[in-house]
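Participant: Only the shape, not the letters, is given here:
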């Protein structure tokens with residue numbers, strides 16, 4: 001099938017103005033101000049976007065594809081998110097991981113879920129390991145998992161500064177980082193350590209120490225949830241200046257919390273001298289959102305949703321942010337950090353992962369790997385058990 005999108009206001013993610021975009025199979029094969037002349041005998045699906053904004057599909061760098069949670073008993077494990085929970089939010093590529101529960105949920109079950117989402121049309125990858133040391137792996141080591149298992153591109157989310165972590169030492173962090181880095185060199189994969197950063201006062205101390213005492217490059221260290229405390233966010237910005245990449249989480253925020261919402265955090269980041277390519281936003285989709293008391297007991301539970309990404313982008317646009325300036329944190333920055341060379345931008349030769357924004361700034365139509373998954377905000381491709 002050929003798909004021709006005409007009169008699209010393209011943000012690639014940089015603004016290009018009106019373009020005509022031709023998709024063949026799962027790739028973009030043509031984009032120009034001129035509309036291509038195609039033979040009438042060809043079976044072409046034509047859509048005139050009439051000036052609507054066309055953006056790359058979101059790359060969600062942090063989602064619990066097998067479900068998260070379990071901190072308050074077996075019944076509090078979050079079910080696995082289904083296909084359309086991602087596509088309706090404009091997510092066309094997702095990176096799965098394990099969190100607190102890396103015992104009942106395993107690297108094997110994560111890989112199985114990645115394969116299932118791929119079969120249903122989504123691009124999906126994953127991290128080996130989870131919150132704890134020693135890391136949950138399939139082949140015995142982090143390096144071996146990344147080298148031998150195509151779907152796995154790094155290790156995480158390793159918990160630090162959190163009462164649910166295994167309290168890793170500096171040597172633990174260095175060992176994992178070296179395994180991930182070498183595996184990345186061997187395969188061309190990301191080879192990053194993705195850190196869950198909790199509420200603890202130590203913040204990013206372990207990562208700063210690791211940068212000071214080893215030869216490993218800063219790009220290996222990729223902490224998330226850095227907007228959960230305002231002081232932690234300032235610390236993360238300093239880390240980004242040293243060459244690390246940081247990930248903002250699009251979680252819900254109440255007025256009294258000492259935290260930045262994802263839109264606030266990204267706006268603040270872009271107003272600093274931090275490298276614009278060093279920040280991403282993820283959803284934590286499928287992950288549990290517990291609130292604990294001072295003794296570590298859960299007092300409330302919720303779970304994260306992929307739709308937080310599209311809601312964050314809408315908030316930024318409504319506040320007057322320039323779409324071309326904020327969009328890389330959802331798309332091209334993630335692709336660069338995770339070395340997904342065919343993702344994150346709109347150009348000939350790139351994967352046909354595309355989102356048409358409606359007048360409300362939310363995804364109206366969503367294409368993943370050249371196939372329409374959402375039209376007029378409704379999923380036309382559903383997961384096997386939806």
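Facilitator: Alright, I've got the coordinates. Only a predicted model underlies this, so the values are computations on that prediction, with no experimental measurement involved.
Participant: So for the lengthiest helix in the chain, mean pLDDT?
Facilitator: If you go by DSSP state H, the chain has its longest helix at helix 170-187. Averaging pLDDT along helix 170-187 gives 98.
Participant: same deal with stretch 27-36?
Facilitator: 97.
Participant: gap between that stretch and the chain center?
Facilitator: Put simply, stretch 27-36 sits 28 Å off its chain's centre (Cα atoms, centre = their mean, to the nearest Å).
Participant: Likewise for stretch 232-251?
Facilitator: 15 Å.
Participant: buried set for it?
Facilitator: 232-233, 235-237, 239-240, 244-251 (16 or more other Cβ atoms under 10 Å). Bear in mind the C-beta positions are built from the backbone N, C-alpha and C, glycine included.
Participant: Just the ones of these in helices?
Facilitator: 232-233, 235-237, 239-240.
Participant: returning to what we had before: can you list contacts of the longest helix of the chain?
Facilitator: Defining contact as Cβ atoms under 8 Å, 6 or more residues apart in numbering, one finds that helix 170-187 is touched by 129, 133, 135, 141-147, 154-155, 158, 160, 189-193, 206-207, 209-210, 213-214, 216-217, 220-221, 339.
Participant: Break the protein down into its domains, please.
Facilitator: 2-55+341-379, 60-337 (automatic domain parsing).
Participant: who wins for proximity to residue 385 among these?
Facilitator: Ranking the domains of the chain by proximity to residue 385 (Cβ to Cβ) places domain 60-337 first, at 7.2 Å.
Participant: can you tell me how far the closest residue to residue 273 other than its chain neighbours sits from residue 334?
Facilitator: Closest residue to residue 273 apart from its sequence neighbours, by Cβ to Cβ, 6 or more residues apart in numbering: residue 241 at 7.3 Å. Separation of residue 241 from residue 334 (Cβ to Cβ, to the nearest Å): 20 Å.
Participant: The stretch 151-300 of the chain: strands as residue ranges?
Facilitator: Taking DSSP state E, counting those that start in this stretch as the test, the strands found in the stretch 151-300 of the chain are 152-160, 192-197, 221-224, 246-249, 279-282, 291-292, 298-300.
Participant: With distance to residue 92 and mean pLDDT added, can I get those strands in TSV?
Facilitator: Shown next, in TSV, are the strands of the stretch 151-300 of the chain (distance: least, Cβ to Cβ, whole Å; pLDDT from 0 to 100):
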stretch	distance to residue 92	mean pLDDT
strand 152-160	17	97
strand 192-197	20	98
strand 221-224	20	98
strand 246-249	18	98
strand 279-282	14	98
strand 291-292	32	72
strand 298-300	32	74
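Participant: Out of those, which gets nearest to residue 102?
Facilitator: Judged by Cβ to Cβ, the one of the strands of the stretch 151-300 of the chain that comes nearest to residue 102 is strand 152-160, at 9.4 Å.
Participant: partners of that closest one in the sheet?
Facilitator: With DSSP bridges as the test, strand 152-160 is paired with strand 123-128 (parallel), strand 192-197 (parallel).
Participant: highest average neighbour count across the ones you listed?
Facilitator: Sort those by mean neighbour count, taking mean count of other Cβ atoms under 10 Å, and strand 192-197 sits at the top with a mean of 28.
Participant: chain center to that one: distance?
Facilitator: That offset, for strand 192-197, works out to 13 Å (Cα atoms, centre = their mean).
Participant: just stretch 227-245 next, same as before
Facilitator: 18 Å.
Participant: what residues does that stretch touch?
Facilitator: 192, 197-199, 203-204, 207-208, 211, 217-219, 221-223, 226, 246, 248-249, 251, 258-262, 264-265, 268-269, 272-275, 278-280, 333, 337.
Participant: Counting neighbours, which of those residues end up buried?
Facilitator: Restricting the contacts of stretch 227-245 to buried positions leaves 192, 197-198, 203-204, 207-208, 211, 218-219, 221-223, 226, 246, 248-249, 251, 259-262, 264-265, 268-269, 274, 278-280, 333, 337, with burial counted as 16+ other Cβ under 10 Å.
Participant: Just the buried residues of the longest helix of the chain, please?
Facilitator: 172-184, 187.
Participant: angle of it against strand 192-197?
Facilitator: Calculated by axes from the mean of the first three to the mean of the last three Cα atoms, to 10 degrees, helix 170-187 forms an angle of 140 degrees with strand 192-197.
Participant: what comes up buried for stretch 1-8?
Facilitator: Those would be 2-8, for stretch 1-8 by 16+ other Cβ under 10 Å.
Participant: Serialize the residues you listed to TSV and add fields for secondary structure, distance to residue 361 and pLDDT.
Facilitator: Below are the buried residues of stretch 1-8 laid out as TSV (DSSP: H, G, I helix; E, B strand; the rest coil; distance: Cβ to Cβ, whole Å; pLDDT from 0 to 100):
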residue	secondary structure	distance to residue 361	pLDDT
2	strand	29	95
3	strand	23	97
4	strand	25	97
5	strand	19	98
6	strand	22	98
7	strand	19	98
8	strand	16	98
